[in-house]
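In: Show me the folded form of this:
(chains A and B)
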Amino acid sequence: MPKAKFFTNQEIAEILRNIAAAYEVKGEDLFRVAAYQRAAASVEHSTSQLKDLWDEGKLDEVPGIGKSIASYLDELFRTGKVKHFEQVMKALPPSMFVFEKIPGVGPKRALELVQKLNITSEKGAVKRLKKAAKEGKVRVLEGFGEKLEEDLLAGIEALEKGELKTARMPLYLADSLARELIAYLKKNPKVVEAHPLGSLRRMLATIGDIDISVSTENPKEVMEYFFKYPKIKKVVSKGEEALGRVVLESGQQVDIRLSLPQRYGAMLQYFTGSKQHNINLRSYALGKGLSLSEYGIKKTKVKKAEIKAYPTEEEFYHDLGMEWIPPEIREGRGEIEAAERTAQGKADGLPDLVELKDIKGDLHLHSNFPIEPSHDLGASSFEEMIRTAEELGYQYLGFTEHNPSVSQHSLQQIIDLIRKKSVLLEEISYSSERAVKKRGKKIPIKIFNGLEVDINPSGELAIPEKAFQYLDYAIIAVHSSFGLNREKMTKRVLQGLSHPKAKILGHPTGRVIDVREGYELDWDKIFDFCLKKGKFLEISALPNRLDLPDFLVREAVEAGVKLAINSDSHEASQIALLKYGVAVARRGWTEKKNVINTLPLNKLSDILF
DNA sequence: GCCGTTTTCGGCCCGACTGTTTTCAGTCG
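Out: Predicted coordinates for the structure are as follows:
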């Protein structure tokens, strides 16, 4: 078989969007246009690489990709191009698709500008458009005016400066910006409630724009208050009482949507999405003769039917005949059917998702103990991290620094360093036990002596056999040679996992968000091995990893594999980031029983050792 | 072009906002 071409999800999404735009200006059926747009968005938001899915023959499992688009993408991966797409694009000037990237310019205006200003080639197109706008040649075009010309210039400048945030922000950043803004909003007594919406409420690994909903009886007043938020750089859109849109000083776009309390539930539901969830929910409702909107539910068969309003989401879902669905799983992946089964008291309904409060300990921490590691050392001491964990009410902690670097140390030095750490940890454990006995109350936090050990390309672990005697357990992980093919990588990982002390496979796909794709593994084999040999897969809560990704979490859970949700903290303050790992778990339909560090200490010890 | 608990045909979300317009078109989410 000839070598396949690689296209990123982003590139594929752009191709599909361009096809949609081409169809739109050609006056094609708007539903076909929408279908391509939907497919593009779905590809963009897909948590796995389409190339991988294509390899596995699973392209049509992506929502919005059916027979036709799948076959076009197949052609794309095999040959690097799609004849049909080239046909569609043939008559259209390439500059059109460049102009479309300017905010406020869609396919129609883009084509209009291209034709009226006669800028057809892609090269220098934006510069020529800018010049034309500056010379007042845009405002005289039909349908354009002074303001649009001004906006166009501003848009071009933003594009040139690279200010258009196409890149999505990491979840923790969106989460913290939103929290800060919500805290500000709630200071206003007219604000009844405020929540994040969209992908942030569903806790995706990366977030496009921040959307916030507000419940209030005084929308105008609250809207004015919102625009006074000190961190706003620019107001983009100034609705009176429904929608406000701003850009923060830090560059992120924030939308705020206001609603009266009596219909807040429907609004919250509507804008939480996902799009696919809402589409499925709407068609489900239509089957029952109901039509959904952000304002509520109305009967389709009754003329001039009144819209029934819903103060809460729970009531909204209940009226549709289903249980309330946690936002994290509203992705159009069977949750509606599951919620219906739950409401009917049947088995196999919604999962009882794991919660942060279920977590009893963290098994992956990097202290600043000078173990002279191959990778980054932590920044906080054992004591600092233990204190933080105690504040969180944890029962146990595992210190798992990286193994001492192999190139810088002799085997004996590696053994000595690991022993030294175990001696020190024992002292700390002993003295804290003694202190507690004296005060006589709480059980002290149990400290495990672990290590994060590299799996060498050969599958060997990076510390000598003798060093393992000092460890309670090892998290093993791939930190080098990411380029091995799927077969070799799977063999490597399985061999690493077969060591009796190797209990947890750390950040299993090796992905770093926006930096590198993970390597490929034969997940069926990995799941099978974990299940048979009592090994566990990690969900690393590190904001730029969130690995396992949610879709693999769901597969692991369905296969019966148990998970460990760890913070992988490199300083004490990061321990609290574990909540993002819980979010990933929830998105993967994980229940408490699927997670080993929800177990109390004695039960955990039973399965870990 | 996609999709399926009324459907393999016939549906497919639509409202807010803005600018250019005198009642609407384009963009966006």
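
In: What pLDDT is listed against the residue most central in space within chain A?
Out: For chain A, the residue nearest the mean C-alpha position is A:A205 (1.6 Å; C-alpha atoms, centre = their mean). Note on A:A205: pLDDT of 88.

In: Distance check, it against DNA strand B.
Out: Separation of A:A205 from DNA strand B (C-beta to the nearest atom of the strand, to the nearest Å) stands at 19 Å. The C-beta positions use only the backbone N, C-alpha and C, and glycine is treated the same way.

In: what do you get for A:V140?
Out: 9 Å.

In: now swap in A:E135 and tell me
Out: A:E135 is 16 Å from DNA strand B, by C-beta to the nearest atom of the strand.

In: and what of A:F31?
Out: Counting by C-beta to the nearest atom of the strand, the gap from A:F31 to DNA strand B is 3 Å.

In: who are the neighbours in contact with the residue nearest to the centre of chain A?
Out: A:47, A:170-171, A:513, A:546, A:549-550, A:584 (C-beta atoms under 8 Å, 6 or more residues apart in numbering).

In: Leaving out the residues flanking it, which one is nearest to A:A309?
Out: Counting by C-beta to C-beta, 6 or more residues apart in numbering, A:A309 lies nearest to A:R263, which is 3.9 Å off, once chain neighbours are set aside.

In: That should have said A:A285, apologies.
Out: A:L292 (5.1 Å).

In: Wasn't that neighbour part of a strand?
Out: Yes: under DSSP: H, G, I helix; E, B strand; the rest coil, A:L292 sits within a strand.

In: contacts for stretch A:485-497?
Out: A:453, A:455-461, A:476, A:478, A:484, A:502, A:505, A:508, A:519-522, A:525-526, A:529-530, A:533, A:535.

In: Narrow those residues to just the buried residues.
Out: A:453, A:455-456, A:459, A:461, A:476, A:478, A:484, A:502, A:505, A:508, A:519-522, A:526, A:529-530, A:535 (16 or more other C-beta atoms under 10 Å).

In: restrict these to contacts with DNA strand B.
Out: Among the buried ones among the contacts of stretch A:485-497, not one lies near DNA strand B by C-beta under 7 Å from any atom of the strand.

In: taking the residues you listed one by one, which sit in helices?
Out: A:526, A:529-530 (DSSP state H).

In: Quick one: residues contacting the closest residue to A:V436 other than its chain neighbours.
Out: The shortest distance from A:V436 to any non-neighbouring residue, by C-beta to C-beta, 6+ apart, is to A:P444 (4.6 Å). Taking C-beta under 8 Å, 6+ apart as the criterion, A:P444 is in contact with A:429, A:432-433, A:435-436.

In: From DNA strand B, how far off is A:P444?
Out: 49 Å.

In: helix, strand or coil for that residue?
Out: coil.

In: now it: how far from A:E426?
Out: Going from A:P444 to A:E426 by C-beta to C-beta, to the nearest Å gives 13 Å.

In: And for A:K491?
Out: Remark: distance between A:K491 and A:E426 (C-beta to C-beta) = 36 Å.

In: of the two, who's got more company?
Out: A:K491 (16 against 13; other C-beta atoms under 10 Å).

In: in which helix or strand would I find the more buried one?
Out: A:K491 belongs to helix A:486-497 when assigned by DSSP states H and E.

In: With just CA atoms, put that helix into CSV.
Out: Taking C-alpha atoms only, helix A:486-497 is exported to CSV below (Å, rounded to 0.1, in the frame of the first residue of the first chain):
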residue,chain,number,x,y,z
ARG,A,486,2.1,1.2,16.5
GLU,A,487,3.2,-2.4,16.7
LYS,A,488,6.6,-1.6,18.2
MET,A,489,5.1,1.0,20.6
THR,A,490,2.5,-1.5,21.8
LYS,A,491,5.2,-4.2,22.4
ARG,A,492,7.3,-1.6,24.2
VAL,A,493,4.5,-0.6,26.5
LEU,A,494,3.3,-4.1,27.2
GLN,A,495,6.8,-5.2,28.1
GLY,A,496,7.2,-2.3,30.4
LEU,A,497,3.9,-3.1,32.1
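
In: Which positions in it come out as buried?
Out: A:489-497.

In: Stretch A:79-88 too?
Out: Buried, per 16+ other C-beta under 10 Å, within stretch A:79-88: A:82, A:85, A:88.

In: Could you count how many residues lie near A:G106?
Out: A:G106 has 13 nearby residues by other C-beta under 10 Å.

In: State the pLDDT value of it.
Out: In this model, A:G106 carries a pLDDT of 90.

In: residue contacts, it?
Out: Per C-beta under 8 Å, 6+ apart, neighbours of A:G106: A:21, A:100.

In: let's see it at 10 Å
Out: A:21, A:24-25, A:99-100 (C-beta atoms under 10 Å, 6 or more residues apart in numbering).

In: And it, how far from A:P94?
Out: 17 Å.

In: got the phi/psi numbers for A:G265?
Out: Per-residue torsions, A:G265: phi -60, psi -40 (degrees, to the nearest 10).

In: With adjacent residues omitted, what lies nearest to A:P370?
Out: A:L377 (7.4 Å).

In: residue ranges of the strands in the stretch 451-600 of chain A, please?
Out: For the stretch 451-600 of chain A, applying DSSP state E, counting those that start in this stretch gives strands covering A:473-477, A:502-505, A:536-540, A:563-566.

In: what separates stretch A:599-606 from the chain centre, distance-wise?
Out: 30 Å (C-alpha atoms, centre = their mean, to the nearest Å).

In: what comes up buried for it?
Out: Buried positions in stretch A:599-606, judged by neighbour count with 16+ other C-beta under 10 Å: A:599, A:604.

In: All good on my end, thank you.
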